[in-house]
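Trainee: build me a model from this:
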Amino acid sequence: MHLFHTARRPSMHELQDRGRRFPPGHLHASWLDYLYWDIELEA
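Mentor: As a prediction, the model looks like this:
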């Protein structure tokens, strides 16, 4: 399988532009698990 374009690092502007296209408050399910386990658990 061949890539259509060569791989390159996106600029900060490109990442922010992509992020603005997502609905507010939208997180992928894998991030919900990460954020849940990243916080300190209270006893």
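Trainee: what's the neighbour count on residue 17?
Mentor: 11 (other Cβ atoms under 10 Å). For every residue, glycine as well, the C-beta is placed using N, CA and C.
Trainee: before we move on, what SS does it have?
Mentor: Secondary structure, DSSP: H, G, I helix; E, B strand; the rest coil: residue 17 is helix.
Trainee: and residue 6, what pLDDT?
Mentor: At residue 6, the predicted lDDT confidence score is 92.
Trainee: cool, and residue 37?
Mentor: pLDDT recorded at residue 37 is 67.
Trainee: next: residue 9.
Mentor: pLDDT recorded at residue 9 is 94.
Trainee: that one and residue 15, how far apart?
Mentor: Distance from residue 9 to residue 15, counting by Cβ to Cβ, to the nearest Å: 10 Å.
Trainee: neighbour count: those two, which is higher?
Mentor: residue 15 (11 against 6).
Trainee: tell me how far the ends of stretch 14-30 are from each other?
Mentor: 22 Å (Cα to Cα, to the nearest Å).
Trainee: how far is that stretch from where the chain is centred?
Mentor: Relative to the centre of its chain, stretch 14-30 is centred 7 Å away, using Cα atoms, centre = their mean, to the nearest Å.
Trainee: list the buried residues in that stretch.
Mentor: When burial is assessed from 16 or more other Cβ atoms under 10 Å, stretch 14-30 yields no buried residues.
Trainee: check the offset of stretch 9-27 from the chain's centre.
Mentor: 8 Å.
Trainee: check stretch 7-22 too.
Mentor: 10 Å.
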